[in-house]
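1. output the structure for:
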Amino acid sequence: MSLPGTAIPAPLGPTDRANILIVDDLPEKLLVFQTVLEDLGQNLVLVRSGEEALRELLQREFAVILLDVNMPGMDGFETAALIRQHRRSAHTPIIFITSYADEMQTARGYSLGAVDYMLSPLVPEILRSKVGVFVSLYLMQREVQLQADARAAMMAADAARRVAEESDRRSAYLAHASRALSVSLEIDVAAAQLAEMLVPAVGAASVVLPSDPDFSPCKAVVAARARSGGRPIVSRIDGALDGLLAAALGNAIEQRSFVALAPGGLGALDAGSLGLAGSAASLPPIRWAGAMPLIFGGRVLGALLVLSGNDPVEQAGADKALLEELAVRAAAAFENARLYGVLQREIAERKAAQEELQQADQRKDEFLAMMSHELRNPLAPIHTAVEVIRRVAAPNPKVSWALDIANRQLQQMTRLIEELLDVTRISQGKITLKRESMDLNKVIAHSVETIQPAIKSRHQTLSVNIPERPAWLHGDAARLTQVIANLLHNASKYSPEGTHIALTSTIEDREVVVTVSDQGIGIDDELLPRIFDLFAQGKRGLDRSQGGLGVGLTLARRLTEMHGGRIEAISFGKDKGSEFRVRLPCITLVRQEAKAAQPAQAVGEGPAQLILVVDDNHDAAHAMATVLETDGHTVLTASDGEEALEAASVHCPTVVVLDIGLPLLNGYEVARRLRQMQQTENVLLIALTGYGQKEDRQTAFEAGFNHHFVKPADATALLNCIRTWRHSRPDDSADVQAGV
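-> This is a model prediction of the structure:
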């Protein structure tokens, strides 16, 4: 039931909804408010405390707030006081709701900005009517504001459109300038482009003068309107520029700022003043001229000059700003041209210097090769003469002593000459490695055997620590022996008598690492970065007690790199010893866990197998190897097709679990080659791949695979496949031991 003369506002559309905040701690009262006010069709926000009300006020704007006075914690008066402190809700209508009110309480409510004070129980029609009035008022105010904003926006848009049109014209011109100036990195082309684009967009004529020393020689470029009205006339100035114009350009460069010419002397300027006498250029009476420097990063690269027949006031205001922006882009283009020119000159100079160094290095290599060969010629007769004297001379201690000295020095001379020859052969690409599958442990043993006499003669001790399992490499055993023996020889030579030398070999992440450490003189900090350079040696006294030519480490590094490895030196300074590490790639490794897995044949059923797992995903290969080892098998891994073939030829596995998508050689090609090898022609080939179509399985069987599993494979099914196959091979255990 509504009061006489009071109309309840009709519900509005969803786009015109206002927010109404209702604050009461009792859920049943909130439900009553919602039931009474939902007919207004507005957004009702119901909260149960003053704190929640304040949070909502921070997030949105409300048309009216219904606020209960008596609430636990923060009451309605405190909440209203805080609401009034917020800028958005400072004037939002607040209607207090309470079941009891005296004059003091009512006065306090109105002092806090309340627009009404209603007592419970509420009359629904009265509450709905009062709230509807404030909602309607709020929506009308918002509509008025929107209309005012629309009118202001229309006026602003009109003004902005006019500014934007001019700005678009300038932006399009500057964008065109940037593109034109970036076409070429030649300064002559850039200067001509800049002079041409200034006419007639900015003036009737223009002059561009590159002034940086890096541009020398470079002439000024002038552009002017053509009588025919076509493209501007562009020319390089061969003669002298008019004194007034030349002075303006010079002042702009010297003062590093814009220079405007006085109007008094401009009337006499014509095409002849620009060096264009007798050309098709046509100039109007000049009324304004200005010169702008081209500066990039504090460096003055030149200046541009514009001459115009327009009104001086208009020209100075509008086009000076345009010239400033254009000068920035032109300066960047000129700087790019300058850097390009400097770079081209440096490249030419460096190329000439590099060619000269290459020629000198080639002459050095040729000289060393010739000298080494020439020095070898006398060694043979000297060695023969020493042996003849030893055989025919009467027994005499002094003669034997002298012959021993001669023989030792002859061996030293031979070793030095061989090192020189090896270095020159590598430099000239004349050394080829005789690669084969080899156990590095045997190479280390041979190197130690070679160096033992020298270590024994200096009363030094050598400890060797290498793994029991073989470390298989694909390389030249003789050359790798030379590398390790060279490092041991250096360690002995540069260590005092009675000191200790250590050689260790470890396997780290598919690499074998050979470390030689000593307690010798160490390596100076300044020498350490270039210790492997040819002829690089530390400071020596006049006694030259260590000897040598400084080529041994160079030879060791180059031979190591030819094997796909690397060598590094570590030292903490003089007299603190040194350490050299040689890292070489392994063909394949029997995993350490495999040794523990071998005797665990009881886990599976039947004899253990030697299984090669081939997968370029290291984690996948490791996981598969772990599964196979738990069944009592010995497992090797390889990461590409060529490595798989090499490992198969060395270890002769009985089972190969092979991925199809491999680098270098795919799984199909590896399977075909394994079937052609005598060691693996009867091997169990299992394809483990992500390709699972019918044609993929057919291709796998045609390539020689026995079984085809799609990733991720069922481990139980894979193990059962191997168990079923190995039951037919009762003598496999002997094969495994032989293969490992």
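2. list the buried residues of stretch 35-51.
-> 36-37, 40-42, 44-50 (16 or more other Cβ atoms under 10 Å). In short, each C-beta sits where N, CA and C put it, glycine included.
3. what ranges of the stretch 501-650 of the chain fall below the confidence cut-off?
-> For the stretch 501-650 of the chain, the stretches with pLDDT under 70 are 534-551, 587-607.
4. same thing but at 90, please
-> For the stretch 501-650 of the chain, the stretches with pLDDT under 90 are 506-512, 519-566, 568-579, 583-611, 615-650.
5. and for the stretch 301-450 of the chain?
-> 301, 305-331, 333-450.
6. need the three-state assignment for the closest residue to Ala608 other than its chain neighbours.
-> Spatial nearest neighbour of Ala608, excluding adjacent residues (Cβ to Cβ, 6 or more residues apart in numbering): Gly632 at 4.6 Å. Here Gly632 takes the coil state, with states given by DSSP: H, G, I helix; E, B strand; the rest coil.
7. kindly report the same for the one 4 residues further on.
-> When the structure is split into helix, strand and coil by three-state DSSP, Leu636 lands in strand.
8. partners of it in the sheet?
-> Val590, Leu612 (DSSP bridges).
9. going forward, count from 56.
-> With the count now opening at 56, the last piece we talked about shows up as Leu691.
10. that one: neighbour count?
-> 27 (other Cβ atoms under 10 Å).
11. again with Thr570
-> 17.
12. repeat for Phe117
-> Phe117, neighbours per other Cβ under 10 Å, totals 25.
13. so it makes contact with Leu76?
-> Yes. The criterion here is Cβ atoms under 8 Å, and Phe117 meets it with Leu76 at 4.6 Å.
14. shared neighbours, these two?
-> Shared contacts of Phe117 and Leu76, defined by Cβ atoms under 8 Å, 6 or more residues apart in numbering, comprise 100, 111.
15. can I get stretch 207-221 in PDB? Just the C-alpha atoms.
-> What follows is stretch 207-221, C-alpha atoms only, in PDB (Å, rounded to 0.1, in the frame of the first residue of the first chain):
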ATOM      1  CA  ALA A 207      32.600  18.300 -23.900                       C
ATOM      2  CA  ALA A 208      34.000  15.200 -25.600                       C
ATOM      3  CA  MET A 209      32.500  16.400 -28.900                       C
ATOM      4  CA  MET A 210      34.100  19.800 -28.600                       C
ATOM      5  CA  ALA A 211      37.400  18.300 -27.600                       C
ATOM      6  CA  ALA A 212      37.200  15.800 -30.500                       C
ATOM      7  CA  ASP A 213      36.600  18.600 -33.000                       C
ATOM      8  CA  ALA A 214      39.600  20.500 -31.800                       C
ATOM      9  CA  ALA A 215      41.600  17.300 -31.600                       C
ATOM     10  CA  ARG A 216      40.600  16.400 -35.100                       C
ATOM     11  CA  ARG A 217      42.000  19.600 -36.500                       C
ATOM     12  CA  VAL A 218      45.200  19.100 -34.500                       C
ATOM     13  CA  ALA A 219      45.400  15.400 -35.500                       C
ATOM     14  CA  GLU A 220      45.100  16.300 -39.200                       C
ATOM     15  CA  GLU A 221      48.100  18.500 -38.900                       C
END
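16. my guess is Leu338 contacts Ser261. True?
-> No. Between Leu338 and Ser261 there is no contact under Cβ under 8 Å: 11.4 Å.
17. residue ranges for the helices of the stretch 556-705 of the chain, please.
-> Shown for the stretch 556-705 of the chain, the helices assigned by DSSP state H, counting those that start in this stretch span residues 607-617, 647-652, 673-684, 696-706.
18. need the ones you listed in JSON lines with distance to Gln464 and mean neighbour count, can you?
-> Listed next are these as JSON lines, based on distance: least, Cβ to Cβ, whole Å; neighbours: other Cβ atoms under 10 Å:
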{"stretch": "helix 607-617", "distance to Gln464": "18", "mean neighbour count": "21"}
{"stretch": "helix 647-652", "distance to Gln464": "48", "mean neighbour count": "15"}
{"stretch": "helix 673-684", "distance to Gln464": "53", "mean neighbour count": "17"}
{"stretch": "helix 696-706", "distance to Gln464": "43", "mean neighbour count": "22"}
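19. mind putting the ones you listed into CSV with distance to Ser550?
-> Shown next, in CSV, are these (distance: least, Cβ to Cβ, whole Å):
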stretch, distance to Ser550
helix 607-617, 15
helix 647-652, 33
helix 673-684, 40
helix 696-706, 37
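20. select, out of those, the one closest to Arg524.
-> Among the helices of the stretch 556-705 of the chain, the nearest to Arg524 by Cβ to Cβ is helix 647-652 (7.4 Å).
21. so what's the residue nearest to Leu608 when sequence neighbours are not counted up against?
-> Spatial nearest neighbour of Leu608, chain neighbours left out: Phe587 (5.1 Å); criterion: Cβ to Cβ, 6+ apart. Residues near Phe587 by Cβ under 8 Å, 6+ apart: 608-609, 611-612, 622, 624.
22. now the strands for the stretch 506-655 of the chain?
-> 516-520, 527-530, 555-563, 566-572, 621-626, 633-640, 644-645 (DSSP state E, counting those that start in this stretch).
23. quick one: which of the buried residues of stretch 90-106 sit in strands?
-> 99-102 (DSSP state E).
24. name the nearest of the residues you listed relative to Glu523.
-> Glu523 lies nearest to Val102 out of these, by Cβ to Cβ, at 77.6 Å.
25. so what pLDDT did that closest one get?
-> We have a pLDDT of 91 for Val102.
26. likewise the one 10 residues further on?
-> The confidence metric pLDDT takes the value 88 at Leu112.
27. isn't Ser560 right up against Ile521?
-> Yes. Contact criterion Cβ under 8 Å: Ser560 and Ile521 qualify, at 4.2 Å.
28. contact partners for Leu167?
-> 132, 135-136, 139, 149.
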